[in-house]
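**Student:** Sequence first, then the predicted structure, then my questions.
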Amino acid sequence: DAGITQSPRHKVTETGTPVTLRCHQTENHRYMYWYRQDPGHGLRLIHYSYGVKDTDKGEVSDGYSVSRSKTEDFLLTLESATSSQTSVYFCAGADYDEQYFGPGTRLTVT
Amino acid sequence: TQLLEQSPQFLSIQEGENLTVYCNSSSVFSSLQWYRQEPGEGPVLLVTVVTGGEVKKLKRLTFQFGDARKDSSLHITAAQPGDTGLYLCAGKSNFGNEKLTFGTGTRLTIIP
């Protein structure tokens, strides 16, 4: 099931550079989410979207921005990457309760 | 901010043993979900519990939602190596938005 795909799957970038991660869905989910996963913290919500061009902040939104210009795509941008943003990033889609996750993007900021 | 604490953080047991994982909060949730995540993949939903005191069974897995809807437990009977993974609980707020608060996770290893 490739309902939620993420690209790239792995990325290494340097401190201070902008980075954009892409999430693409084929299931017409109304809601989409970006999380980061770090040891000991579970999944923490960065930003989410409740419709095209409708987005809101999560609990760890500083240093991140998102855009959703069409239902299928939800982009996460790190405006100026820092080492503290080294993490695994997950995108998810949902209509009601269940969230469907992508395979993740491992980002390393050196 | 609603917090969900899971315990234990790590658990390693022999195949065939029973185990219980706990998910606790001081906040009330309208529903609570359990996800399992395998290495290199995203979490996958196992179950959703909605009513205080509710018990749901999924083969050898038993999930319970606390009476006050602040906590939950996952019990596995006769654990198998295929149960190995990261187990995450996630609570949905009473305030009607579509966000989940995820717990800190329990990494379970079943030794053959």
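**Tutor:** Nice, thanks for sending it over.
**Student:** which residues in chain A form strands?
**Tutor:** If DSSP state E is used as the criterion, the strands of chain A fall at A:4-7, A:10-13, A:19-25, A:31-38, A:42-51, A:54-57, A:64-70, A:73-78, A:87-94, A:99-101, A:105-109.
**Student:** Make TSV out of these and add distance to chain B, mean neighbour count and mean pLDDT.
**Tutor:** For every residue, glycine as well, the C-beta is placed using N, CA and C. Shown next, in TSV, are the strands of chain A (distance: least, CB to the nearest CB, whole Å; neighbours: other CB atoms under 10 Å in any protein chain shown; pLDDT from 0 to 100):
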stretch	distance to chain B	mean neighbour count	mean pLDDT
strand A:4-7	8	18	96
strand A:10-13	11	13	97
strand A:19-25	11	19	97
strand A:31-38	5	23	96
strand A:42-51	4	21	93
strand A:54-57	9	14	93
strand A:64-70	14	16	96
strand A:73-78	14	20	98
strand A:87-94	5	23	96
strand A:99-101	3	24	93
strand A:105-109	9	18	97
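**Student:** how close does B:Leu32 get to B:Leu100?
**Tutor:** Here B:Leu32 is placed at a distance of 9 Å from B:Leu100 (CB to CB, to the nearest Å).
**Student:** need the contact list for the spatially most central residue of chain A.
**Tutor:** Nearest to the geometric centre of chain A sits A:Trp34, at 3.2 Å (CA atoms, centre = their mean). Counting by CB atoms under 8 Å, 6 or more residues apart in numbering or on different chains, A:Trp34 makes contact with A:21, A:23, A:45-48, A:58, A:64, A:66, A:74, A:76, A:89-91.
**Student:** that older thread, could the strands of chain A be laid out in a markdown table, adding distance to B:Gly85?
**Tutor:** Shown next, in a markdown table, are these (distance: least, CB to CB, whole Å):
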| stretch | distance to B:Gly85 |
| --- | --- |
| strand A:4-7 | 19 |
| strand A:10-13 | 22 |
| strand A:19-25 | 23 |
| strand A:31-38 | 14 |
| strand A:42-51 | 14 |
| strand A:54-57 | 30 |
| strand A:64-70 | 28 |
| strand A:73-78 | 25 |
| strand A:87-94 | 15 |
| strand A:99-101 | 14 |
| strand A:105-109 | 18 |
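**Student:** Around chain A, pick out the residues from chain B.
**Tutor:** B:1, B:4, B:6, B:9, B:31, B:33, B:40-45, B:48, B:88, B:90, B:92, B:98-100, B:102-105 (CB under 8 Å from any CB of the partner chain).
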